[in-house]
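A.B. asks: all I have is the shape, not the residue letters:
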């Protein structure tokens, strides 16, 4: 039996730890501003001229700040798994520790009808698509109390 090789859909944006995944961001050493994804140059805070940015793992939990659904098929280079686009929910989540809002897909089986602003969610890893022997993995948000 062949096992697919798991690779991140976007290199360097999250850890590949399926038990405790985390988004990888940066924290400004001068003012404490967090960024995601990591920037390469300087603090994005317009009131700060800091340039020392530390890579950090961001909070794995947060609350739904806003949400919507993706009913249309996204254009290339998005890869549609299978033959046909299936709508999915997208949530903007305010991270518990940083206050930063990060968007991401919501796990399959959870629609906009199941979400509300303020719902608690956690970060999980899931397959975005499979290509040959390679499984492309992305982070998704899962309402707490649900299994992956």
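C.D. replies: Received it, and whenever you're ready, just let me know what you need. Since the structure is predicted, the reported quantities are computational estimates derived from the model, not experimental observations.

A.B. asks: tally of neighbours for residue 89?
C.D. replies: Counted by other CB atoms under 10 Å, the residues lying close to residue 89 total 22. C-beta: built from backbone N, CA, C; applies to glycine.

A.B. asks: wait, a helix at it?
C.D. replies: No - Residue 89 is assigned strand when assessed by DSSP: H, G, I helix; E, B strand; the rest coil, not a helix.

A.B. asks: so what's it closest to, chain neighbours aside?
C.D. replies: Nearest non-adjacent residue to residue 89, counting by CB to CB, 6 or more residues apart in numbering: residue 106, 3.9 Å away.

A.B. asks: around that neighbour, how many other residues sit close by?
C.D. replies: 23.

A.B. asks: dump the residue contacts of it.
C.D. replies: Counting by CB atoms under 8 Å, 6 or more residues apart in numbering, residue 106 touches 67, 88, 89, 90, 91, 115, 121, 140, 141, 142, 143.

A.B. asks: what's the longest strand that the chain contains in contact with?
C.D. replies: When the chain is parsed with DSSP state E, its longest strand is strand 120-131. Residues outside strand 120-131 that contact it (CB under 8 Å, 6+ apart): 4, 9, 14, 16, 18, 21-23, 60-64, 79-81, 91, 93, 104-108, 135-144, 148.

A.B. asks: after it, next one along is what?
C.D. replies: strand 134-143 (DSSP states H and E).

A.B. asks: in that following strand, what counts as buried?
C.D. replies: By neighbour count with 16 or more other CB atoms under 10 Å, strand 134-143 contains the buried residues 135, 136, 137, 138, 139, 140, 141, 142, 143.

A.B. asks: how far does stretch 55-67 sit from its chain's centre?
C.D. replies: On the basis of CA atoms, centre = their mean, to the nearest Å, stretch 55-67 sits 8 Å off its chain's mean C-alpha point.

A.B. asks: thinking again about what came up before, got a ChimeraX select line for the buried ones in the contacts of strand 120-131?
C.D. replies: In ChimeraX, this line selects whichever of these come out buried by 16+ other CB under 10 Å:
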select :14,21,23,60,62,63,64,91,93,104,105,106,107,135,136,137,138,139,140,141,142,143
